[in-house]
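**Student:** Please find the sequence and the predicted model below.
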Amino acid sequence: MTDVKHQIPDDLLMGYAAGALPEAFDLVVATHVSLSDDVRARLESFEAVGGAMLNEVECAELAEDSFEATLARITGMEMPETRPTPPSGGIFPGPLRDAVGGDLDAVKWRSVGMGVKQCVLQSSKDASVRLLSIPAGQAMPMHSHHGTEMTLVLQGAYADEDDRFARGDIEVADEDVHHTPVAEAGQDCICLVATDAPLKFDGLLPRIAQPFVGI
Amino acid sequence: MTSAAQDDAQWVAKVTAIAASQDQAAFADLFRHFAPKVKAFLIKSGADVSLAEECMQDVMATLWRKAHMYDPARASVATWIFTVARNRKIDLLRKYARPEPEDLPWGPEAAPDQAEVIALQQDSARLAEALKNLPEKQRVLIERAYFGDLTHSEIAAETGLPLGTIKSRIRLALDRLRHSMT
């Protein structure tokens, strides 16, 4: 596994290790970790902090029949499938495949205009996560945002004024970032994007479309 | 070897015994030590006492069931239990199944190297020691982050903890796992 160039920053990775991220972000981080062993090692070292904290916590009193009740639960539990699911040969790692219900061919795209397609996977008042497909060679509509936006590239690549992002790379932008990513020629660029506030497109057409497509 | 690393080695042996031979005595020991900590963690994270008890039982039962998946070259027993408890907490308190990274290939052919396991135990013991020695204010902030008291935007990743060594160690274990499967 080659390592990705743009990795998730420490604060968000620690938030994931601690279980403090919004659900929409969890999906992006889990997918990103699946694509990089280096990020996985960073994640597991943050989890080690959680283990050390657990060791230090002051014990709570247990219910009287606690142990017996636990044994009864074990008896009632089904034994899990012990083999991980084999790689599908598709482009979606396990967590994303689970969220979509299949690989790329299972995505129910909706057009957002100018050839851009999206599929909202999950949306709540706190955050939302969607797949975006941008035609090869085309600029994404100008957009700015409130809050934090995480973009993970799954296929193709895009570049903005400062940098280039390819499969496995993650870009985290806050409200100060105002960028115009352009998808590279060759392959449509497919990204998983999570925001903890609605995305705000600056172009006229997308803004009109917003109430209808749920951006 | 420090005593903390020895403790961890003892827990690794117990989890291995549970996985290999459904050792009930080993499970009883694991329960006695960790169940009160898991319950306390859940209460600190906002569960009431009865939900925490139920969730803890579920976590402990899951440990029995998943003992064969524990990899001592990548995590201490306490770390493994923390991840199971954290996921269960999200299931129950926040009511969604947390998306988890794809499983890595594993199996008997990828049995962990003993030297790696011991090295990780020593790293874990050093991390625990460093955590104890942090200034109170910083330690409390980390505790609040891990026990679910901070939102993600409030979390500061600068922990002051020596995470570089443990990260490199886990990275090596992952490389070895990948290599043994190809």
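**Tutor:** Here it is on my side, so go on. Numbers count the residues shown, from 1 in each chain, chains lettered A, B, ... in the order given.

**Student:** Quick check: buried residues in the host helix or strand of B:I170?
**Tutor:** Element membership for B:I170 (DSSP states H and E) is helix B:163-180. For helix B:163-180, the buried set under the neighbour-count rule, 16 or more other CB atoms under 10 Å in any protein chain shown, comprises B:L163, B:I166, B:K167, B:R169, B:I170, B:R171, B:L172, B:A173, B:L174, B:L177. The way it works is simple: take the backbone N, C-alpha and C, and place the C-beta from them, glycine included.

**Student:** roughly how far is the lengthiest helix in chain A from the heart of the chain?
**Tutor:** Ranked by number of residues, the top helix in chain A under DSSP state H is helix A:37-56. Taking CA atoms, centre = their mean, to the nearest Å, one finds helix A:37-56 lying 20 Å from the centre of the chain it belongs to.

**Student:** Can you give me the buried ones in the helix or strand that it is followed by?
**Tutor:** With elements assigned by DSSP H and E, the helix or strand that comes after helix A:37-56 is helix A:66-76. Going by neighbour count (16+ other CB under 10 Å), the buried part of helix A:66-76 is A:S66, A:F67, A:A69, A:T70, A:L71, A:R73, A:I74.

**Student:** who's in contact with the residue in chain A that chain B sits nearest to?
**Tutor:** Using CB to the nearest CB, the single residue of chain A nearest to chain B is A:G51, 2.9 Å away. Counting by CB atoms under 8 Å, 6 or more residues apart in numbering or on different chains, A:G51 touches B:A75, B:S76, B:V77, B:A78, B:T79, B:W80, B:I81, B:F82, B:S124.

**Student:** I'd like to know which of these is nearest to A:L154.
**Tutor:** B:A75 (28.0 Å; CB to CB).

**Student:** which SS class is the closest one?
**Tutor:** Classification of B:A75 by DSSP: H, G, I helix; E, B strand; the rest coil places it in coil.

**Student:** Number of residues surrounding the nearest residue to it once chain neighbours are set aside?
**Tutor:** Computed as CB to CB, 6 or more residues apart in numbering or on different chains, the closest residue to B:A75 that is not its neighbour in sequence is A:E44, at 6.3 Å. For A:E44, the neighbour count with other CB atoms under 10 Å in any protein chain shown is 25.

**Student:** ditto for the one 10 residues further on
**Tutor:** By other CB under 10 Å, 24 other residues sit near A:L54.

**Student:** The nearest residue to it once chain neighbours are set aside: what secondary structure?
**Tutor:** Distances taken as CB to CB, 6+ apart put B:F82 closest to A:L54, at 4.6 Å, once the chain neighbours are dropped. Three-state assignment for B:F82 (three-state DSSP): helix.

**Student:** what about B:F82, distance to B:A157?
**Tutor:** Here the criterion is CB to CB, to the nearest Å. By it, B:F82 lies 18 Å from B:A157.

**Student:** who's more crowded, these two?
**Tutor:** Neighbours were counted for B:F82 and for B:A157 using other CB under 10 Å; B:F82 has more, 30 against 14.
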